[in-house]
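> Here is my input; please provide its structure:
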Amino acid sequence: MFEHQQIYHKIAYGDTLYSLAKKYNTTVPDILHANDRIDPYNLQIGSTIHIVPGHPIVPEPMHTPAQSNDMLSHNQPMHNNSSHSEDINHHSEPTNEHSEPHNNCISKTEFDLSKQMRLFWSQHVYWTRLLIISIVDELKDTDYATKRVLKTAPDIASLFTPYYGPQVTELLTKLLTEHLVVGKNLIVAAHEKNAANVEKYNREWYENADKIANAFSRVNPTYYNEEAVREMFYRHLDLTKEELSYRLSQNYAEDVEAFNKVEHEAMMMADFFVDGIVSQFPNRF
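The predicted structure is shown next:
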């Protein structure tokens with residue numbers, strides 16, 4: 001039934017590498033080999049992993065001792081960290097290991113969308129970080145870093161085009177570009193110790209986040225709840241300012257740790273947006 005073809009599995013509550021290996025008749029080392037960047041002790045709900053199933057698992061007769069129903073003893077949840085781990089697209093309970101694999105699988109279309117969304121959001125925060133470093137350390141590549149980080153705005157917005165159309169894409173591009181421009185102005189003001197401009201651009205940054213939250217809530221009010229999106233973007237801004245603060249004070253160890261938080265949050269944001277699209281347009285996935 002599985003034909004040894006690669007599938008994409010979305011991590012749900014209760015998943016462990018052991019339970020997935022049993023479910024798909026493979027091994028934990030094989031799963032790790034196919035997913036060299038995952039942390040086996042911190043599986044992220046909503047993220048996707050590659051699995052190459054073995055032959056189908058055929059349940060033993062009910063009386064066979066080795067095939068008891070007490071399989072959850074090996075299926076305790078890892079310490080997953082996701083701010084939207086109980087949304088409508090995720091299973092709230094572990095699935096039985098003999099259930100059909102497609103119950104927890106995602107389509108290639110969803111996998112590709114998730115991959116691109118995560119890529120563009122990771123580029124967004126990585127180039128923002130490089131821009132912070134360029135401005136604070138007064139490097140000569142600031143203009144080039146600025147140009148590159150601005151490209152992430154239309155890149156992210158373009159992923160919504162097939163579902164919401166060009167007008168929404170244009171609006172999102174405008175708002176995300178404003179998010180980046182105001183952010184750069186805030187970085188410059190902080191570096192120059194211009195308190196008045198820091199206050200001005202800080203206010204404008206959060207006002208822009210309000211507009212972004214409103215825009216998303218209008219296209220998908222059920223999943224992109226305005227308050228939830230606002231809170232998510234506020235946290236994105238807070239973490240970026242924390243990163244900037246440590247860079248300005250030359251506390252490089254904390255600076256790196258702060259960016260780790262920024263990166264993790266960005267991946268959660270990417271997954272949030274993908275889940276919203278899939279929730280609204282399930283027949284397209």
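
> Please parse this protein into its domains.
The chain breaks down into these domains under automatic domain parsing: 1-106, 108-284.

> among these, which is the most enclosed?
Ranked by average neighbour count under the criterion mean count of other CB atoms under 10 Å, the domains of the chain are headed by domain 108-284 at a mean of 17. Bear in mind the C-beta positions are built from the backbone N, C-alpha and C, glycine included.

> quick one: secondary structure of His50?
strand (DSSP: H, G, I helix; E, B strand; the rest coil).

> Go ahead and confirm it touches Tyr8.
Yes: contact criterion CB atoms under 8 Å: His50 and Tyr8 qualify, at 6.5 Å.

> that older thread, export the domains of the chain as CSV, with columns for mean pLDDT.
Listed next are the domains of the chain as CSV, based on pLDDT from 0 to 100:
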stretch, mean pLDDT
domain 1-106, 58
domain 108-284, 96
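
> Skipping adjacent residues, who's closest to Ser114 in space?
Spatial nearest neighbour of Ser114, excluding adjacent residues (CB to CB, 6 or more residues apart in numbering): Val274 at 4.8 Å.

> whoops, I mixed them up, Ala209
Phe233 (3.9 Å).

> As a check, name the ranges of all helices in the protein.
17-23, 28-34, 108-136, 142-158, 161-164, 166-191, 195-219, 226-248, 252-280 (DSSP state H).

> what comes into contact with the fourth one?
Residues outside helix 142-158 that contact it (CB atoms under 8 Å, 6 or more residues apart in numbering): 117, 120-121, 123-124, 127-128, 130-131, 134-135, 169-170, 172-173, 176-177, 179-181, 184.

> okay, the angle between it and helix 252-280?
With axes from the mean of the first three to the mean of the last three CA atoms, to 10 degrees as the basis, helix 142-158 and helix 252-280 are set at 20 degrees to each other.

> which residues sit against stretch 263-271?
44, 46-47, 81-84, 114, 117-118, 120-122, 124-126, 232, 235-236, 239.
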